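> Whatever this is, show me its structure:
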Amino acid sequence: MPSSKTFFYAKNLNDVFYQLKNISELNIVGGCTSFVSRELPEKALSIRDISDLKVIDKHERYIDLGAALTLSEIEDLGEANLPNIFYEAITTIANRNVRNIATVGGNICTKDFFNTLYAPLLALDARLEFMDEDDSHFQPIMRFDSIPHGMILSKVRLPLEEWEVAVFRRLGPANSINELSAGFAFLANSQKNQISDLRIAMAGSFKFRDIDLENKLIGAHLPLSATAISNFMLEAEDFFNEATKDKNLNPILKSQFWNLVKYSLEQLT
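Presented below is the predicted three-dimensional model:
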């Protein structure tokens with residue numbers, strides 16, 4: 001006999017924290033689009049209609065996006081107001097009808113899979129704000145493993161840097177998730193014909209970004225030679241294989257990582 005599900009709603013943040021404190025094993029959800037192919041939790045609390053979690057606050061160096069904003073609400077800000085790889089990633093997610101329901105917080109916090117926005121957020125050095133009824137703090141997404149007990153994801157902070165080379169690719173089927181699904185992001189800047197900043201990220205059933213790998217090309221002269229690209233590719237393959245050795249990845253994903261890194265580096269030459 002199927003177990004019953006209980007769905008709760010909150011009108012404001014006070015409601016949210018009251019219910020988190022008083023209802024055991026309560027799961028925070030947004031638009032619930034990630035549950036299309038899997039079972040809803042036994043107890044779920046929707047926060048998608050809470051106005052305090054739908055803020056849009058743009059500054060010179062960053063933009064804050066409330067966790068309950070739908071993907072279409074963010075898309076409507078336009079590419080000029082968002083990092084281009086983040087905007088592009090949003091437009092690749094399902095279709096407009098799904099993006100009208102799905103929230104940015106839900107895309108980030110899905111259990112057991114790192115969704116389409118995760119690789120761009122890793123590459124951008126995004127920060128996540130968590131809050132409870134008494135306090136809030138920001139955490140780099142690179143250090144994010146799980147939502148702290150009794151807290152909720154309230155904001156996503158995106159740096160608004162300019163990038164000379166920015167590459168995003170969504171891999172796998174267009175409207176579903178399987179073992180070949182992943183996102184890839186690459187960012188690079190240069191100064192005086194030398195690479196000054198480099199970011200490489202990939203995420204799906206795993207997440208990958210390694211600053212030690214990226215640092216190996218910092219200071220390299222442009223254009224990159226074929227030998228320099230080849231040598232870096234060998235190191236990138238080793239770093240990636242080591243980071244994902246326990247994930248039983250489909251070999252196609254490993255090949256796609258290699259090919260996308262090579263393609264991205266060639267944009268620098």
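
> Going by C-alpha atoms from here, please, whenever you check contacts or count neighbours.
Will do.

> I28: what secondary structure?
Taking DSSP: H, G, I helix; E, B strand; the rest coil as the rule, one finds I28 in the strand state.

> Next, the contact list for it, please.
Neighbouring residues of I28 by Cα atoms under 8 Å, 6 or more residues apart in numbering: A44, L45, S46, I47, I152.

> for L222, same thing?
N193, Q194, I195, L268, T269.

> Among these, which one sits closest to F113?
Set against F113, the nearest of those by Cα to Cα is L268 (31.2 Å).

> Please list all residues in contact with the closest one.
L268 neighbours (Cα under 8 Å, 6+ apart): V165, L222, P223, L224.

> and which of those residues is nearest G204?
Taking the contacts of L268 together and measuring to G204 by Cα to Cα, the closest member is V165, at 22.5 Å.

> Name the nearest residue to that closest one, ignoring sequence neighbours.
A188 (5.2 Å; Cα to Cα, 6 or more residues apart in numbering).

> a strand runs through the one you found, doesn't it?
Yes: the assignment for A188 (three-state DSSP) places it in a strand.

> and the residue most central in space within the chain, what are its phi and psi?
In the chain, the centroid-proximal residue (Cα atoms, centre = their mean) is Y118; its distance is 1.7 Å. Main-chain torsions, Y118, degrees, to the nearest 10: phi -70, psi -50.

> and the gap between it and I47?
Per Cα to Cα, to the nearest Å, Y118 is found 21 Å from I47.

> wait, isn't E179 in contact with P173?
No: if you go by Cα atoms under 8 Å, E179 and P173 don't touch, sitting 9.8 Å apart.

> what's the burial count for the residue nearest to G172 when sequence neighbours are not counted?
Spatially, and ignoring its direct neighbours in sequence, G172 is nearest to S181 (4.2 Å; Cα to Cα, 6+ apart). Using other Cα atoms under 10 Å, S181 is surrounded by 20 other residues.

> and what of the one 5 residues further on?
Close neighbours of F186, defined as other Cα under 10 Å, add up to 24.

> Okay, and the beta partners of E129?
Beta-bridge pairing of E129 under DSSP bridges involves F138, K155.

> L198 sits in which helix or strand?
Secondary structure assignment for L198, by DSSP states H and E: strand 194-203.

> for I229, that is, sorry about that
Assigned by DSSP H and E, I229 falls in helix 226-243.

> With T116 instead?
Short version, using DSSP H and E: T116 is in no helix or strand.

> show me the contacts for the residue lying closest to it once chain neighbours are set aside.
Using Cα to Cα, 6+ apart and skipping the chain neighbours, the partner closest in space to T116 is G183 (5.4 Å). Going by Cα under 8 Å, 6+ apart, G183 touches 115-120, 168-171, 202-204.

> Check R199 too.
R199 makes contacts with A123, L124, A185, F186, L187, A188, R209, I211, E214, as judged by Cα under 8 Å, 6+ apart.

> so where does the residue nearest to K58 when sequence neighbours are not counted fall, helix or strand?
Excluding the flanking residues, the one nearest K58 by Cα to Cα, 6+ apart is D64, at 6.2 Å. Using DSSP H and E, D64 sits in strand 62-66.

> so how far is the helix or strand following that strand from its chain's centroid?
Following strand 62-66 in sequence order, the next helix or strand is helix 71-75 (DSSP H and E). Distance, stretch centre to chain centre, for helix 71-75: 15 Å (Cα atoms, centre = their mean, to the nearest Å).

> same question, stretch 94-101
With Cα atoms, centre = their mean, you get 17 Å for stretch 94-101.

> First residue to last residue on that stretch, what's the distance there?
End-to-end distance for stretch 94-101, by Cα to Cα: 11 Å.

> Using ChimeraX, make a named selection holding only the buried ones among the contacts of R199.
Of these, the buried ones go into a single ChimeraX selection, burial set by 16 or more other Cα atoms under 10 Å:
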select :123,124,185,186,187,188,209,214
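
> got the contacts of R199 as CSV, with pLDDT and distance to G106 columns?
Listed next are these as CSV, based on pLDDT from 0 to 100; distance: Cα to Cα, whole Å:
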residue, pLDDT, distance to G106
A123, 98, 19
L124, 98, 19
A185, 98, 20
F186, 98, 23
L187, 98, 25
A188, 98, 28
R209, 98, 21
I211, 97, 27
E214, 98, 29
